[in-house]
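S.K.: Below are the sequence and a predicted model; questions follow.
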Number of protein chains: 2
Amino acid sequence: MSSSSDADTDKKVIVPVENLRAFTERVIVKAGAKPAHAEALAELIVAADHRGHFSHGLNRLDYYADGIARGLNASDKEPEITKQGPSTALVNGNNCLGPVVGKMCIDLAIEKAKSTGVGWVCATGSNHFGISGWYSIRAMEQDMIGMAFCNSSPTMVHPRGKKRLLGTNPICVAAKGEGDDEFVLDMATTTVALGKVEVKHKLGEQIPMGWGVDADGKPSTDTGCILQSGGLHPLGGKEETSGYKGFGLGMMVELFCGVLSGSKFGTQLGKWTDAGFDSMANLGQCFVAIDPTAFAPGFQGRLSELIRQIKTSEPGEGHSELLVSGDPERAHIQLCQGLGGIPYHRSQIEFADGLADKYAVSRLMTA
Amino acid sequence: MSSSSDADTDKKVIVPVENLRAFTERVIVKAGAKPAHAEALAELIVAADHRGHFSHGLNRLDYYADGIARGLNASDKEPEITKQGPSTALVNGNNCLGPVVGKMCIDLAIEKAKSTGVGWVCATGSNHFGISGWYSIRAMEQDMIGMAFCNSSPTMVHPRGKKRLLGTNPICVAAKGEGDDEFVLDMATTTVALGKVEVKHKLGEQIPMGWGVDADGKPSTDTGCILQSGGLHPLGGKEETSGYKGFGLGMMVELFCGVLSGSKFGTQLGKWTDAGFDSMANLGQCFVAIDPTAFAPGFQGRLSELIRQIKTSEPGEGHSELLVSGDPERAHIQLCQGLGGIPYHRSQIEFADGLADKYAVSRLMTA
């Protein structure tokens, strides 16, 4: 629930969604990607910023372009199915861009779910795939329950340990109710994602206990220390508040990703830096689609009723409403619709202009 | 990780596993259950106490027997498949005992996974099914990844709310590595299960912040208040430590259970009391089996390597080792093996004797 629907949107620059899509494609094609791959990446980047997850959108375009330009990601290959059954597939991403691999995998899972009720597809040889929500939502848009999981560079510290052993290993589950009702859970299995600590560190702001630990594995509120020598708490925090459950969920994600697919996993994964991974990522990912019509009729009505139960429940002091997973992102999409595009800080536009100049393509068009 | 391997086991009474199994069957058959149903329940009860989850074993036998004796659970029916596809099934539990429904469902999921790679089975019309681990482990023992989910009476309070909206809604995932290596995650999506607060309340012991809230939804350490008028925090606790993620996971479980199956869900579920539910439970449950051989060869070796990465990592101050989900339960099973049976407090044996007298069956034989 980390949308950034700041009140000061009038100080921002508005970029129509189509302009962002076109700009992303220009950059990434110029960097060396195939048009179809650029299209997948552009869809992902647009979805991230549209949903308010700015850390995973335009902000990462430089990283993706650089991966293609430097040959760290394959630009001349396609992901391929190396094994499949009626409800399963193993896909070798062949080091293609993460969204290229992920889009193929979730579409394959949807196809299998339409035929057998469930599709469970694991990818090896993949790369950073941005927001997990984009994949699950593709399935949701076809009336499926969609799920996506990804392993990532070690940042999570065990409640009894001091070293980084697992990544932020996200879990995403999306499903549609009646009308506009949606449930889109898209969460790191750490208390917060690393980016949230980085933002607080840059702003010099205080963070609460429960986000991270120091180099000795002790709970800390020192953002510099958490980022440099410590790491992130699993969801639940320390042992007495059940941090071992968050760690167990992180392991579950690794089970579905690296362990099922044969990619790298756990501490084998390279260190993530601002410049990307320091070696070929070989990430593991997992994509699931479930067809609700294979079960009791009336799925969407029941999901809406569950959402209604929550949203009509009396809020506690200081709160005006109870949110359901995905609500902050929906609010951000509505904000964008009202503004006629995505609101960016000027610094982000300057960043995009720099990127345009670097790849000698025309700049991002603002409204 | 709530095993109870007390040091004072010599003050306890040892009950060989076979004796517990036979006693459970005697009581439940006398209460009116079919022998095959009694067998399923006995297996579950033995597994719970053997694994150290005493709140879900012999301790609950009175409740199960009472449900049969009073006709709250069906004793003359069988669960039935009402709809199925290659990888899915919807089962009507027909109000049979939870473990009778659950055993049929996980076995069906395993069968489907052997054929298509994945089996996803949802149950409606079910009852309390004890420890989720028992179902997942059945799948694990056949070299599958096993999963089990269950909805339950509202106890979880939304981070912005004050009312109980979701149950402790457990997630269980089990998989086998090489040799004795196992990963058995069996967790409530609340910070702790209700029983853990009840135990602390009875003992008059302090609990940490982060377990529950008062009637206004404010974090509280007052166990009486949490139990009577407040409720449980979702995993993650309050909003600043991402309690909305635990709430989202609770909703995900409800999506798989009540929403997919058509059982009761959310606030529709009856209140749980010591005497069981106050009306027909109509719980929803979900059972999944995934065949790792449908993916990359070497699954068990990789899982063992992941476990090794964690267990060989340096512990923080005050800790001797890092635990993996399921380790405390394995330690309890080893303790039982050394003792030649399950260690019980005398009060638990007296409780069993009372039950034996009530149903006029021979008493539980101790070692």
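M.R.: Noted; the coordinates are in hand.

S.K.: residues contacting A:A48?
M.R.: Each residue near A:A48 by Cβ atoms under 8 Å, 6 or more residues apart in numbering or on different chains is listed here: A:F54, A:H56, A:G57, A:R60, A:G130, A:I131, A:W134. No exception for glycine: its C-beta is placed from N, CA and C like everyone else's.

S.K.: can you pull out the strands in the stretch 51-200 of chain A?
M.R.: A:80-84, A:88-92, A:118-126, A:145-150, A:156-157, A:164-166, A:171-176, A:182-187 (DSSP state E, counting those that start in this stretch).

S.K.: For A:G246, give me its contacts.
M.R.: Counting by Cβ under 8 Å, 6+ apart, A:G246 has contacts A:M156, A:T189, A:T190, A:T191, A:H233, A:P234, A:L235, A:G236, A:G237, B:L235, B:G236.

S.K.: pLDDT below threshold where in the stretch 251-367 of chain A?
M.R.: A:272-279 (pLDDT under 70).

S.K.: Would you mind listing what in it touches chain B?
M.R.: A:251-252, A:254-255, A:258-262, A:265-267, A:290-292, A:294-299, A:302-303, A:305-306, A:309-310, A:313-317, A:319, A:321-325 (Cβ under 8 Å from any Cβ of the partner chain).

S.K.: Take those and keep only those in strands.
M.R.: A:I290 (DSSP state E).

S.K.: Show me which residues of the stretch 51-200 of chain A are close to chain B?
M.R.: So the stretch 51-200 of chain A meets chain B at A:83, A:85-88, A:90, A:115-118, A:120, A:122, A:124, A:145, A:158, A:160-163, A:165, A:171, A:173, A:175, A:183, A:185, A:187, A:191-192 (Cβ under 8 Å from any Cβ).

S.K.: re earlier: so which of the strands of the stretch 51-200 of chain A gets nearest A:A356?
M.R.: Across the strands of the stretch 51-200 of chain A, the minimum distance to A:A356, taken as Cβ to Cβ, is reached by strand A:118-126, at 27.9 Å.

S.K.: now the closest one against strand B:145-150, angle please.
M.R.: 130 degrees (axes from the mean of the first three to the mean of the last three Cα atoms, to 10 degrees).

S.K.: Direction included, what does strand A:118-126 pair up with?
M.R.: strand A:88-92 (parallel), strand A:283-290 (antiparallel) (DSSP bridges).

S.K.: OK, contacts around the spatially most central residue of chain A?
M.R.: Centrality entry for chain A: nearest residue to the mean C-alpha point is A:I131, 2.0 Å, by Cα atoms, centre = their mean. The contact partners of A:I131, taken as Cβ under 8 Å, 6+ apart, are A:L44, A:A47, A:A48, A:R51, A:H53, A:H56, A:D186.

S.K.: what about 7 Å?
M.R.: For A:I131, the contacting residues are A:A47, A:A48, A:R51, A:H53, A:H56, A:D186, by Cβ atoms under 7 Å, 6 or more residues apart in numbering or on different chains.

S.K.: Could you tell me how far the longest helix along chain A lies from the centre of the chain?
M.R.: Assignment by DSSP state H gives helix A:98-116 as the longest helix of chain A. Here helix A:98-116 is found 17 Å from its chain centre; the criterion is Cα atoms, centre = their mean, to the nearest Å.

S.K.: Show me which positions of that helix end up buried.
M.R.: By neighbour count, and taking 16 or more other Cβ atoms under 10 Å in any protein chain shown as the criterion, the buried residues in helix A:98-116 are A:98-110, A:112-116.

S.K.: Also stretch A:143-153?
M.R.: A:D143, A:M144, A:I145, A:G146, A:M147, A:A148, A:F149, A:C150, A:N151, A:S152, A:S153.

S.K.: Can I get those in JSON lines including pLDDT?
M.R.: Below are the buried residues of stretch A:143-153 laid out as JSON lines (pLDDT from 0 to 100):
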{"residue": "A:D143", "pLDDT": "98"}
{"residue": "A:M144", "pLDDT": "98"}
{"residue": "A:I145", "pLDDT": "98"}
{"residue": "A:G146", "pLDDT": "98"}
{"residue": "A:M147", "pLDDT": "98"}
{"residue": "A:A148", "pLDDT": "98"}
{"residue": "A:F149", "pLDDT": "98"}
{"residue": "A:C150", "pLDDT": "98"}
{"residue": "A:N151", "pLDDT": "98"}
{"residue": "A:S152", "pLDDT": "96"}
{"residue": "A:S153", "pLDDT": "95"}
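
S.K.: Check the strands paired with strand A:118-126 for me and report the most buried one.
M.R.: strand A:283-290 (a mean of 30; mean count of other Cβ atoms under 10 Å in any protein chain shown).

S.K.: got the contact list for it?
M.R.: A:102, A:105-106, A:109-110, A:113, A:118-124, A:126-129, A:135, A:139, A:144-151, A:256-258, A:260-261, A:263, A:265, B:120.

S.K.: one step back: mind listing which of the residues of the stretch 251-367 of chain A next to chain B are in helices?
M.R.: A:M251, A:M252, A:E254, A:L260, A:S261, A:F299, A:R302, A:L303, A:E305, A:L306, A:Q309, A:I310.

S.K.: Output the residues you listed as TSV; include the columns neighbour count.
M.R.: Shown next, in TSV, are those (neighbours: other Cβ atoms under 10 Å in any protein chain shown):
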residue	neighbour count
A:M251	30
A:M252	25
A:E254	30
A:L260	29
A:S261	30
A:F299	24
A:R302	26
A:L303	26
A:E305	19
A:L306	25
A:Q309	19
A:I310	22
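
S.K.: nearest to B:A40, of those?
M.R.: The closest of those, once distances to B:A40 are taken by Cβ to Cβ, is A:M252, at 26.6 Å.

S.K.: Verify the contact between the closest one and B:M187 for me.
M.R.: No - counting by Cβ atoms under 7 Å, A:M252 does not reach B:M187; the two are 9.8 Å apart.

S.K.: List the contacts of the nearest residue to A:V192 once chain neighbours are set aside.
M.R.: Nearest in space to A:V192, with sequence neighbours left out and distances taken as Cβ to Cβ, 6 or more residues apart in numbering or on different chains, is A:W211 at 5.2 Å. Residues in contact with A:W211 (Cβ under 7 Å, 6+ apart) are A:T191, A:V192, A:V197, A:L232, A:H233.

S.K.: Any idea how many residues pack against the closest residue to the last one other than its chain neighbours?
M.R.: To tie it back to what came earlier, the one meant is A:H233. Nearest residue to A:H233, sequence neighbours excluded (Cβ to Cβ, 6+ apart): A:T191, at 4.7 Å. Neighbour count for A:T191, taken as other Cβ atoms under 10 Å in any protein chain shown: 29.
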